[in-house]
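Enquirer: no sequence on this one, just coordinates:
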């Protein structure tokens, strides 16, 4: 029986999970693959810490270079992360004709064009299922299962940390800071949670999916990104009263000559399946002209769920090596020469529904002043709530709008914010899936 | 650019959808596949009816034989259905070295062993994603994405007709017959709905999934099958009061040396994601030791969603043909020699929770008589409800049990049924995911 040798870069959380599956689940992988996968090297700078995985003698080394250069290594698995050494090592592996498996979403979102070009010109596979949605097979579904579809759009919860925090705020009525502290305590948030809570991690994933879905190069800076740090229990409560939930969504839509690609807190109807995804779970809904909607759901992070996706990729590549079929599926779903550049709609041109919350002085005429300004910009109000009258105090005024253009909304917002009768920074949340509102 | 020729058997609902995608979406398939797929033949006995698809001259023929014998046909797509001519044609296509795509769940569930053996010995691919769950990529997920997992179990809503009927009963409080009539009217039920409502269609799909998940031959007759015809609005209402929904589930569980494989109406907690799947939609939750839970959701039937899955398979096979990589993924997930025969637990040996409903005469001592009989068989009651006291009349007595053995439950049931104080046939519904009840 043929044996293929795997070289693993990085022995951190997910790396250790991958090593564990390769070592402890060798039998079951062989039963399906019909070959042996041998974990030849695990390279890490830390040779001392115990990761709970027993590696055979001589496997753990501190020489990453050897993993990407040793001719005995058939497949390189990069689990280091980040855009520095990981990029150098991946490019070197490709240069040496070695297929690569990675979960490095930041790297692919920002330097994907360069890396995929290198892999295409060398004719080696680059697999990255674990970069988006952990164990959910979103990339395989887009690249293979939905190949007969024109993808119409996608909407997803792709960051478990944010979903966990929003679920805590929703269920416990606590503020963002407190919910973040709980996420950190539960092990869902990193020491520096910026990448997660500011929406960048979600946007990295959206960039990757957008290329796969529509066959376009994505300039990461074209994606509109807004995080969840300003979401309050008050907004979540108002959303609920209107029949909505607030989720950090990655949204993309295909308008043919232009695409939407945006990440922001979004109000969605409570009966939307994405509303029911709570805690650290992820979900992605993909709409195609033939399938209508298909949704995937699962753990978007965590050692073993992510390692499961990595092993799926390693086995896929091993099958290609066995049949001399590298490049069997184009790395980015479309043939390289077919990947164009479809412009992404600037956020100013977005047309959608909005939720507004203003802290208004409780005086006669405030609502009509606000409504008047909105009217000047062609923004029509669908529903208003003014809660908890406190004579002379400040009360939240909350509105849902009909469809409006973002640029107009922002202009009106600045004017309203400057009013004497409006305290605090006003709140704006975009609203999706609201066809039934108009 | 290379062209591969597709021969389609059957120009019915799904067949016409496949033809439409091949003809109308040729550009987008080419952009991904890098080859042309040409629809060479569509064979059907009915050459006259309009299916809303414009086929080029000479494509529509009434000679199925030619499709499976013409050396120019590279890939055969069988969309006839049933276990008769479809089987003959598939075997003949394989005999002639042609890979086959099919959605024929009944055929694969009952004659899979013979057909897969033929394909394996000829070294041709046989793809059947559309046979289970329509557009949801359940087979690709099991065969490829989850290859590093020991599959622990599965639970799924795999028949849209039944789910539609149960949703109607739940939402409108109507009876089974009336709900079935609505399903027929809405085009969700066949003229003869037996295959659907008696659970056979779901069981066909479960048989296929069980082989893929655990690497075992499945004797279709070993699957316990119970349909939804006896479900009443009363039961659904009681279920709701206990915090449950009733769904027709396909359930399989891996106990290592034995498997569970059963289809029956099942009470599941209302906060289980499967409870939120309503209407004609399908969903499958797969549990693995690494992924934990992953769920897929989408249209389990319908012309274009099913055709989308078929095209995914056709493209997969085309990629294998282009790289001479037939058999790249073993047809049934495991290498043929690794597929054993793990016994399926007889339903009598099932241990689970139960819901009982008895129509009891409203007399003193009835409940203690029933409870006494249950106690004799070691069945302990977790919760009882006795509703709507009508002096001297008949009232429903409803119970949830702790874990009990099916054989004991059936014995106790027969004794209770024979009591003078119990009218009508009693109702029994199995209950899942109830770890929190004990």
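Expert: Cool, the structure landed. It should be emphasised that the depicted structure is a prediction, and the values quoted were computed from it without experimental measurement.

Enquirer: Could you list the buried residues of the lowest-mean-pLDDT helix or strand in chain A?
Expert: Lowest on mean pLDDT, DSSP states H and E among the helices and strands of chain A sits strand A:381-386, with a mean of 90. Buried positions in strand A:381-386, judged by neighbour count with 16 or more other CB atoms under 10 Å in any protein chain shown: A:381-382. C-beta coordinates here come from the backbone N, C-alpha and C atoms, glycine included.

Enquirer: go on, stretch A:165-182?
Expert: So for stretch A:165-182, counting by 16+ other CB under 10 Å, buried means A:165-170, A:174, A:176, A:179-180, A:182.

Enquirer: Stretch A:20-36 too?
Expert: By 16+ other CB under 10 Å, the buried positions in stretch A:20-36 come out as A:20-23, A:25, A:28-35.

Enquirer: so which of the residues you listed also contact chain B?
Expert: Contacts with chain B within these, counted by CB under 8 Å from any CB of the partner chain: A:21, A:25, A:28-29, A:31-34.

Enquirer: can you give me phi and psi for the residue lying closest to residue A:213 once chain neighbours are set aside?
Expert: Using CB to CB, 6 or more residues apart in numbering or on different chains and skipping the chain neighbours, the partner closest in space to residue A:213 is residue A:151 (4.1 Å). With angles defined as degrees, to the nearest 10, residue A:151 sits at phi -80, psi 130.

Enquirer: Check which element follows the longest helix seen in chain A along the chain.
Expert: Looking across chain A with DSSP state H, the single longest helix is helix A:303-322. Note on helix A:303-322: by DSSP states H and E, the next helix or strand toward the C-terminus is strand A:351-361.

Enquirer: Centre of the chain to that next one, how far?
Expert: 26 Å (CA atoms, centre = their mean, to the nearest Å).

Enquirer: counting contacts, what elements does the helix or strand containing residue A:265 pack onto?
Expert: For residue A:265, the host element (DSSP H and E) is strand A:259-269. Counting contacts by 3 or more CB pairs under 8 Å, 6 or more residues apart in numbering or on different chains; DSSP states H and E, strand A:259-269 packs against helix A:200-214, strand A:224-225, strand A:244-254, strand A:422-431.

Enquirer: try 10 Å this time
Expert: On a contact count with 3 or more CB pairs under 10 Å, 6 or more residues apart in numbering or on different chains; DSSP states H and E, strand A:259-269 meets strand A:151-157, helix A:160-172, helix A:200-214, strand A:224-225, helix A:233-241, strand A:244-254, strand A:351-361, strand A:422-431.

Enquirer: Report the angle between it and strand A:151-157.
Expert: 50 degrees (axes from the mean of the first three to the mean of the last three CA atoms, to 10 degrees).

Enquirer: Do me a favour and average the pLDDT over strand A:259-269.
Expert: The pLDDT scores in strand A:259-269 average 97.

Enquirer: which SS state does the residue of the stretch 101-250 of chain A found nearest chain B fall under?
Expert: Closest to chain B within the stretch 101-250 of chain A is residue A:148: 3.1 Å, counting by CB to the nearest CB. Secondary structure state of residue A:148, per DSSP: H, G, I helix; E, B strand; the rest coil, is coil.

Enquirer: who's in contact with the residue nearest to residue A:410 when sequence neighbours are not counted?
Expert: Distances taken as CB to CB, 6+ apart place residue A:348 nearest to residue A:410, at 7.4 Å, with adjacent residues excluded. Residue A:348 is in contact with A:224, A:405-411, counting by CB atoms under 10 Å, 6 or more residues apart in numbering or on different chains.

Enquirer: Quick check: residue A:348 vs chain B, distance?
Expert: Separation of residue A:348 from chain B (CB to the nearest CB, to the nearest Å) stands at 31 Å.

Enquirer: pLDDT score for that residue?
Expert: 98.

Enquirer: Likewise for residue A:23?
Expert: Reported pLDDT for residue A:23: 96.

Enquirer: Dihedrals phi and psi, the nearest residue to it once chain neighbours are set aside?
Expert: Spatial nearest neighbour of residue A:23, chain neighbours left out: residue A:39 (6.0 Å); criterion: CB to CB, 6+ apart. Here is the backbone geometry of residue A:39 (degrees, to the nearest 10): phi -80, psi 100.

Enquirer: Who does residue A:39 form a beta bridge with?
Expert: residue A:6 (DSSP bridges).

Enquirer: one step back: the longest helix of chain A: which residues count as buried?
Expert: A:303-322.

Enquirer: which intervals of the stretch 201-350 of chain A have sub-threshold pLDDT?
Expert: Applying pLDDT under 70 to the stretch 201-350 of chain A picks out no residues at all.

Enquirer: OK, now which residue of it is nearest to chain B?
Expert: Counting by CB to the nearest CB, the stretch 201-350 of chain A gets nearest chain B through residue A:311, at 3.1 Å.

Enquirer: From residue A:403, how far off is that residue?
Expert: Separation of residue A:311 from residue A:403 (CB to CB, to the nearest Å): 45 Å.

Enquirer: now do residue A:207
Expert: Applying CB to CB to residue A:207 and residue A:403 gives a distance of 26 Å.

Enquirer: And residue A:171, by the same measure?
Expert: 31 Å.

Enquirer: can you check residue A:69 too?
Expert: Distance check for residue A:69 against residue A:403: by CB to CB, it reads 57 Å.

Enquirer: Please apply the same query to residue A:7.
Expert: 53 Å.

Enquirer: Looking at those two, which is more packed in?
Expert: residue A:7 (27 against 15; other CB atoms under 10 Å in any protein chain shown).

Enquirer: I figured that one hits residue A:98, correct?
Expert: Yes - taking contacts as CB atoms under 10 Å, residue A:7 lies within contact range of residue A:98: 7.9 Å.
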